[in-house]
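Trainee: Dropping the sequence and predicted coords here.
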Amino acid sequence: MKTFRYIVMPAIALLLAMNIYVFFYKGFIEPEIDESSEIKSSGEALVVGSFTLTDQNGNKVSDSDFKGKNMLVYFGFTNCPMICPTDMANLTQVLEELGEDAKKIQPVFITIDPQRDTPEQIKTFLSNFYPTFVGLTGTPREIADVANKYRIYYKQVEAEDLQEYTMDHSAYTYLMGKDGKYLAHFRHEQPIEEVVRRISQRIN
């Protein structure tokens, strides 16, 4: 009995912990590509790109409207003091450096702060970035639904040094294929040249 308690039971606990880890993080396992663009390993991504939201012009837009183009999808909010503007500026530079390949991509900004981000507010925000960006908002339920599909974390938090609340959120950019399926994701402040290279590999 002592042998079972001290050897077998910890082994079972370790196996259970590993299974839980794989279950929750499976969606962020992505293909690893070397310089010759050969896929070494892959994982099934649990990211689904479907949505129906309202754009910066007040029109209803769904992911099916962009079928035939790759989507570059970023979640953020217009009152973000630093991370979102930085990421959006970097994405603008990425699209500029892609040159003609940028025509194959529809960049999409989706707010995680629908309470403040009206279509008009988003339109003003996007005027600072790449001209083909589509900005999307919706009801809190609609935003929660699409964020869940993309596995985006966000939460309203009170900021001690600000009069208004701010938003805590994960800062990922997703590259979706022409069929709407997940191709890759990019981290906050990932080197621009690396993002350009990896996007080019996947869309050509």
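Mentor: Nice, I can see it. Residues are numbered from 1 along each chain as shown.
Trainee: How about Gly177, nearest residue that isn't a chain neighbour?
Mentor: Of all residues not flanking Gly177 in the chain, Leu183 sits nearest, at 5.0 Å (C-beta to C-beta, 6 or more residues apart in numbering). (Each C-beta comes from the backbone N, C-alpha and C, glycine too.)
Trainee: Tyr153 now?
Mentor: What sits nearest to Tyr153 in space, not counting adjacent residues and going by C-beta to C-beta, 6+ apart, is Ser170, at 4.5 Å.
Trainee: list the contacts for the one you found?
Mentor: Residues in contact with Ser170 (C-beta atoms under 8 Å, 6 or more residues apart in numbering) are 75, 152-154.
Trainee: May I see the buried residues of stretch 173-191?
Mentor: Using 16 or more other C-beta atoms under 10 Å as the test for burial, stretch 173-191 gives 173-177, 180, 182-186, 190.
Trainee: for the chain, what helix or strand is lowest in average pLDDT?
Mentor: helix 9-25 (a mean of 42; mean pLDDT, DSSP states H and E).
Trainee: what's the next secondary structure element after it?
Mentor: Of the helices and strands lying after helix 9-25 in sequence (DSSP states H and E), the nearest is strand 52-55.
Trainee: Name every strand pairing with that next one and say which way it goes.
Mentor: strand 60-62 (antiparallel), strand 134-137 (antiparallel) (DSSP bridges).
Trainee: Identify, out of those strands, the most deeply packed stretch.
Mentor: strand 134-137 (a mean of 25; mean count of other C-beta atoms under 10 Å).
Trainee: Downstream of that one, the next helix or strand is which one?
Mentor: helix 140-149.
Trainee: between the contacts of Ser170, which has the most around it?
Mentor: Neighbour counts for the contacts of Ser170 (other C-beta atoms under 10 Å) peak at Phe75, which has 26 neighbours.
Trainee: Could I get the pLDDT score of that one?
Mentor: Phe75 carries a pLDDT value of 96.
Trainee: can you give me the offset of the helix or strand hosting it from its chain's centre?
Mentor: For Phe75, the host element (DSSP H and E) is strand 70-76. Computed by C-alpha atoms, centre = their mean, to the nearest Å, the chain-centroid distance of strand 70-76 equals 6 Å.
Trainee: what's that strand packed up against?
Mentor: Contacts defined by 3 or more C-beta pairs under 8 Å, 6 or more residues apart in numbering; DSSP states H and E place strand 70-76 against helix 83-98, strand 105-111, strand 172-176, helix 192-203.
Trainee: quick one on the thing from earlier: tell me if I'm right that the residue nearest to Gly177 and Arg198 touch.
Mentor: No: proximity of Leu183 to Arg198 does not meet the contact threshold set by C-beta atoms under 8 Å, at 9.2 Å.
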